[in-house]
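>>> Pasting a predicted model and its sequence here:
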Amino acid sequence: MLTLSNVHYRYQQDWMIFDAQIAPGEIVAVLGPSGAGKSTLLSLIAGLIAPDSGEITIDGKPVTTTPAHQRPLSILFQEHNVFTHLSVFDNMAIGLSPSLKLTATQQEAVRHAAHAVGLTDYLSRLPSQLSGGQRQRIALGRSIARNQPLLLLDEPFSALDPALKQDMLALVKRTAQEQGTTVVMVTHHPDDAQAIANQFIYLDNGRIQLHDPVDTLKTPPAIMRDYIGVTA
């Protein structure tokens, strides 16, 4: 269970306030207009920024003051998800051991992750030798190898072609279901939410306005109609 309890964060002159509970294994899409607080929410969960007050727990354990690298999660950003000087294998392995000194079990975890993301034949290559979609597969493979209970996605596939993006979303959904991973995904596109998520959160003005089953988006609530572009 991921829980945010009365989490306050001051951004410039405004307060963002988050309260949410996300059950284990849920895939939750975070929607909302630009500036609503989507990336801020992910950064608070990841420990990249600290709240002014409130509590964040993962699986019942408080992580509000836990350093980012010690939290039981993986995060993928829009870019800068790979180390250009490392091979594909080492890019995945570094998530398990910063020194790249892996046990036999860890090496097998990397190979399993590479197979899951379709990069088995590319393990010795550098990221510069791969396509954009393959580079994002490296980052996803790293998170699969780490097998943390929580995966955060900050629009990592937004620059990909539509068909490739759908392939990546399907891959995230499949691997999350296989590993029992909880996924929180920021997106600007309701179609992406419906492709992968079973729940969605709608943010506006630094508040969670809705937290509902994703099927609700088939007939958008009134509060979302301007955002989605639906006319009454």
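In hand now; what should we look at?
>>> Can you classify residue 175 by secondary structure?
Recorded secondary structure, residue 175: helix (DSSP: H, G, I helix; E, B strand; the rest coil).
>>> In contact with it: list those residues for me.
Residues in contact with residue 175, defined by CB atoms under 8 Å, 6 or more residues apart in numbering, are 116, 140, 144, 181. Where you see a C-beta, it was placed from the backbone N, CA and C, and this is true even at glycine.
>>> Tell me which residues touch the last one, please.
By CB under 8 Å, 6+ apart, the residues touching residue 181 are 25, 147, 148, 149, 150, 151, 175.
>>> Give me the distance between it and residue 147.
Counting by CB to CB, to the nearest Å, the separation of residue 181 from residue 147 is 8 Å.
>>> try the second one
From residue 140 across to residue 147, the span is 12 Å (CB to CB).
>>> Which of those two has more residues huddled nearby?
Each of residue 140 and residue 147 has its neighbours counted (other CB atoms under 10 Å); residue 140 has more, 25 against 17.
>>> surely that one meets residue 167?
No. Between residue 140 and residue 167 there is no contact under CB atoms under 8 Å: 11.2 Å.
>>> pull the helix or strand with minimum mean pLDDT from the protein.
When each helix and strand of the chain is scored by mean pLDDT, DSSP states H and E, helix 225-228 comes last, with a mean of 86.
>>> Which positions within it qualify as buried?
residue 227 (16 or more other CB atoms under 10 Å).
>>> just so I have it, where are all the helices in the chain?
38-46, 88-93, 104-116, 132-146, 162-179, 190-196, 225-228 (DSSP state H).
>>> export those to JSON lines and tack on distance to residue 9?
Formatted as JSON lines, the helices of the chain follow (distance: least, CB to CB, whole Å):
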{"stretch": "helix 38-46", "distance to residue 9": "6"}
{"stretch": "helix 88-93", "distance to residue 9": "32"}
{"stretch": "helix 104-116", "distance to residue 9": "33"}
{"stretch": "helix 132-146", "distance to residue 9": "25"}
{"stretch": "helix 162-179", "distance to residue 9": "27"}
{"stretch": "helix 190-196", "distance to residue 9": "24"}
{"stretch": "helix 225-228", "distance to residue 9": "22"}
